[in-house]
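Asks: below are the sequence and a predicted model for it; my questions follow.
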Amino acid sequence: MKIDVTDYQKILNQIQQELSGTKVTGRVASYVPELAKVPADKFGMHLYNLEGESFCFGDSDECFSIQSISKVFSLALAMKMIGNTLWKRVGVEPSGAKFNSLSLLEDNFGIPRNPFINAGALVVADVLVSYFSDPKAAFLTFLHELTGNDTITYNETVAASEKSEGYRNFAMANYLKSFGNMKNDVEDVLDFYFHQCSITMSCRELPQAFIVFANQGQLLGSDRQFLTGQQVKRINALMLTCGFYDEAGEFSFEVGLPGKSGVGGGIVAVHPGHYAVAVWSPPLNPKGNSERGMASLERLTTLTGYSIF
Ligand SMILES: NC(=O)CC[C@H](N)C(=O)O
């Protein structure tokens, strides 16, 4: 199938028109002051296709805290570095539970259900802390190579306040350690994890990073195979089944694309073979996913008439 590219901008304009004025019931994340400060009416979207064309509206050039969207990058880096041994320490099944749930660890002997719930992302962070002597620098290098944009960096204020409020993540990391599924110091792993979550990127920059998942692992506009086809298949499968925690079914049902959300209000989705798209609207629904973001992506696949299904 081929979507007429001239339609994308029209469709995005329609989404902006339909949704920018609507009332949302969700709340902006408030567990750290830096996130609570972000105006609730920010709204932007950017679609980047495999032809290298861009379509956007609203606050699409403004950087925001990518939070859990970063878990896709850390997973990709860990898969690149240690391959299949990763799956001995983290599962690939949807959790059906909140992103920061501790309860499933007890039944699974400290093996998190998947890499996108916090427990799984902490194990992935532990892998990276073991692998690299300077994991924070290595993570940025990975992102810079992936995007060709070396301005992407951490927000130290967000990382610090996340740390000062991170009781549940500390509990989780210690709990993983008690099962032997955390090899490094809890402090070191959390320092890395809070930093990866603090990365700021815009709706324009995120699809430039995610287009590799629409392009079978090859960087766009180059012949560099950045990830293997199998790695990309697996990451897309995990985004589809686990990217929205206990709302992964709903996202798949309404939108029909692999994607990943963050509590900063961002969502990125991928249409393999076609495009990557990011949307940002800070108010979150009760499951911790951007309310207007989900609605926007539902309109995108409905108006284009195409999803992966
Ligand atoms: N869902 C998210 O975006 C959660 C990320 C957040 N930094 C946390 O660890 O709680």
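Replies: All right, it came through fine. Numbering: from 1, shown residues only.

Asks: going by C-alpha atoms from here, please, whenever you check contacts or count neighbours.
Replies: Fine.

Asks: count of residues packed around residue 186?
Replies: 20 (other Cα atoms under 10 Å).

Asks: got the contact list for it?
Replies: By Cα atoms under 8 Å, 6 or more residues apart in numbering, residue 186 lies in contact with 170, 173-174, 177.

Asks: stretch 92-104 - what's its average pLDDT?
Replies: Averaging pLDDT along stretch 92-104 gives 91.

Asks: now do the buried residues in that stretch.
Replies: Buried residues in stretch 92-104, counting neighbours by 16 or more other Cα atoms under 10 Å, are found at 92, 94-99, 101-102, 104.

Asks: repeat for stretch 194-207
Replies: Of the residues in stretch 194-207, those buried (16+ other Cα under 10 Å) are 194-207.

Asks: next: stretch 265-279.
Replies: For stretch 265-279, by 16+ other Cα under 10 Å, it's 265-272, 274-279.

Asks: could you export those as JSON lines, including pLDDT, secondary structure and distance to the ligand?
Replies: Output for these, formatted as JSON lines (pLDDT from 0 to 100; DSSP: H, G, I helix; E, B strand; the rest coil; distance: Cα to the nearest ligand atom, whole Å):
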{"residue": "265", "pLDDT": "98", "secondary structure": "coil", "distance to the ligand": "8"}
{"residue": "266", "pLDDT": "98", "secondary structure": "strand", "distance to the ligand": "9"}
{"residue": "267", "pLDDT": "98", "secondary structure": "strand", "distance to the ligand": "10"}
{"residue": "268", "pLDDT": "98", "secondary structure": "strand", "distance to the ligand": "12"}
{"residue": "269", "pLDDT": "98", "secondary structure": "strand", "distance to the ligand": "15"}
{"residue": "270", "pLDDT": "98", "secondary structure": "strand", "distance to the ligand": "18"}
{"residue": "271", "pLDDT": "98", "secondary structure": "strand", "distance to the ligand": "22"}
{"residue": "272", "pLDDT": "98", "secondary structure": "coil", "distance to the ligand": "23"}
{"residue": "274", "pLDDT": "96", "secondary structure": "coil", "distance to the ligand": "26"}
{"residue": "275", "pLDDT": "98", "secondary structure": "strand", "distance to the ligand": "23"}
{"residue": "276", "pLDDT": "98", "secondary structure": "strand", "distance to the ligand": "19"}
{"residue": "277", "pLDDT": "98", "secondary structure": "strand", "distance to the ligand": "18"}
{"residue": "278", "pLDDT": "98", "secondary structure": "strand", "distance to the ligand": "15"}
{"residue": "279", "pLDDT": "98", "secondary structure": "strand", "distance to the ligand": "14"}
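
Asks: render the CA-only coordinates of whatever helix or strand residue 17 lives in in PDB, please.
Replies: In this assignment (DSSP states H and E), residue 17 forms part of helix 5-19. Extracted in PDB, the C-alpha atoms of helix 5-19 (Å, rounded to 0.1, in the frame of the first residue of the first chain):
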ATOM      1  CA  VAL A   5       2.200  11.800   1.200                       C
ATOM      2  CA  THR A   6       0.300  14.900   0.500                       C
ATOM      3  CA  ASP A   7      -2.300  13.500   2.800                       C
ATOM      4  CA  TYR A   8      -0.200  13.300   5.800                       C
ATOM      5  CA  GLN A   9       0.000  17.100   6.400                       C
ATOM      6  CA  LYS A  10      -3.800  17.300   5.800                       C
ATOM      7  CA  ILE A  11      -4.400  14.500   8.300                       C
ATOM      8  CA  LEU A  12      -2.100  16.100  10.900                       C
ATOM      9  CA  ASN A  13      -3.900  19.400  10.500                       C
ATOM     10  CA  GLN A  14      -7.200  17.700  11.000                       C
ATOM     11  CA  ILE A  15      -5.900  15.900  14.100                       C
ATOM     12  CA  GLN A  16      -4.700  19.200  15.500                       C
ATOM     13  CA  GLN A  17      -8.100  20.900  14.800                       C
ATOM     14  CA  GLU A  18     -10.100  18.100  16.200                       C
ATOM     15  CA  LEU A  19      -8.200  17.500  19.400                       C
END
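
Asks: show the subsequent helix or strand relative to it.
Replies: helix 33-36.

Asks: chain center to that following helix: distance?
Replies: 19 Å (Cα atoms, centre = their mean, to the nearest Å).

Asks: and if you look at stretch 128-143?
Replies: 18 Å.

Asks: quick one: mean pLDDT for it?
Replies: Stretch 128-143 comes out with an average pLDDT of 98.

Asks: gap between the two ends of it?
Replies: 14 Å (Cα to Cα, to the nearest Å).

Asks: check which helix or strand residue 82 maps to.
Replies: Element membership for residue 82 (DSSP H and E) is helix 70-82.

Asks: packing partners of the following helix or strand past that helix?
Replies: With elements assigned by DSSP H and E, the helix or strand that comes after helix 70-82 is helix 103-107. Here helix 103-107 touches no other helix or strand, going by 3 or more Cα pairs under 8 Å, 6 or more residues apart in numbering; DSSP states H and E.
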